[in-house]
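Asker: the following block contains a protein sequence and its predicted model.
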Amino acid sequence: MKFLKILHKLDERFEPKYKIQYIQELPVILRERVVYIVGNKQDPWLLAFKCPCGCHNIIQLNTLKSASPCWSFTVKNKHFISVSPSVCRNKGCRSHFFIRKGKVKWC
Ligand SMILES: [Zn+2]
């Protein structure tokens with residue numbers, strides 16, 4: 001039991017996490033494992049990142065409350081982003097996942 005716990009901890013440590021990058025405009029080429037927070041730092045309007053399933057599609061999430069659907073996010077310790085609600089792609093790869101503290105949690 002203890003051993004499993006240690007393994008789990010190691011696994012968490014090496015699991016790749018999304019980094020964040022504040023940016024004024026959406027870049028043409030997006031890097032892997034980066035969530036771009038697009039717009040004014042205090043009032044961003046978009047989150048953009050590559051789909052974690054490896055399909056290379058770019059996922060864009062609106063963060064403006066005046067439009068829908070709308071996602072909200074929090075950033076812990078200036079690094080780790082959590083996004084809610086979950087991301088569900090109804091096109092292409094149909095991935096459904098959460099981003100919690102920079103990590104992808106598959107549904
Ligand atoms: Zn995908």
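Answerer: It's in. Computed from a prediction, not measured in an experiment: that's the story for all the values here.
Asker: for the residue lying closest to E25 once chain neighbours are set aside, give me its contacts.
Answerer: Closest residue to E25 apart from its sequence neighbours, by Cβ to Cβ, 6 or more residues apart in numbering: V38 at 6.7 Å. (Each C-beta comes from the backbone N, C-alpha and C, glycine too.) V38 sits next to 23-26, 44-48 when contact means Cβ atoms under 8 Å, 6 or more residues apart in numbering.
Asker: so what pLDDT did L7 get?
Answerer: In this prediction, L7 carries a pLDDT score of 70.
Asker: helix or strand for it, which one?
Answerer: helix 2-14 (DSSP states H and E).
Asker: so after that helix, what's the next helix or strand?
Answerer: strand 19-23.
Asker: name the surrounding residues that touch that following strand.
Answerer: 33-38, 41, 44, 75, 79, 81, 102.
Asker: having no further points to raise, I will conclude here.
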